[in-house]
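[1] no sequence on this one, just coordinates:
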């Protein structure tokens, strides 16, 4: 019984991914890392996006979400075990999503605190969103 319990606990720890939260800076963007922008299409059109970022909405304009759809799109971009970063407008949405992805699904996520607002305040110029 103890062996079964130990094996179960070990299995559960393997499900947990890594979660880091870092202040986003223009220098961070120089890293060779995939960045997933989880804002809405309206936000992408309004401010632009990080050059090379993947645009995959998590919450729609009404705050609703479709986890299976989001995960299907995310899994086309990143592989399980591959570290990637999430960005939104200020870091609020990414805090929730990054925590969910790492603790519930085992992804290795970096939450970019401060989001696009902080980047732009530091002089970063996004590229236009073209879809």
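    Received, thanks. These numbers were taken from a predicted model, which means no experiment stands behind them.
[2] hey, where'd the strands end up in the chain?
    Assigned by DSSP state E, the strands in the chain fall at 19-23, 34-37, 54-55, 83-87, 108-113.
[3] of all the ones you listed, which lies closest to residue 128?
    In terms of C-beta to C-beta, the element of the strands of the chain nearest to residue 128 is strand 54-55, at 12.1 Å. For the C-beta atoms, the positions are set from N, CA and C on the backbone; glycine is no exception.
[4] Which strands and helices lie in contact with the closest one?
    Contacts defined by 3 or more C-beta pairs under 8 Å, 6 or more residues apart in numbering; DSSP states H and E place strand 54-55 against strand 34-37.
[5] Identify the residues contacting the strand it packs on?
    The contact list for strand 34-37 (C-beta atoms under 8 Å, 6 or more residues apart in numbering) reads 29, 44, 49-50, 52-56, 74, 77-78, 82, 84-88, 112, 116.
[6] circling back to that earlier point, in TSV, list the strands of the chain along with mean neighbour count.
    Shown next, in TSV, are the strands of the chain (neighbours: other C-beta atoms under 10 Å):
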stretch	mean neighbour count
strand 19-23	14
strand 34-37	22
strand 54-55	18
strand 83-87	22
strand 108-113	22
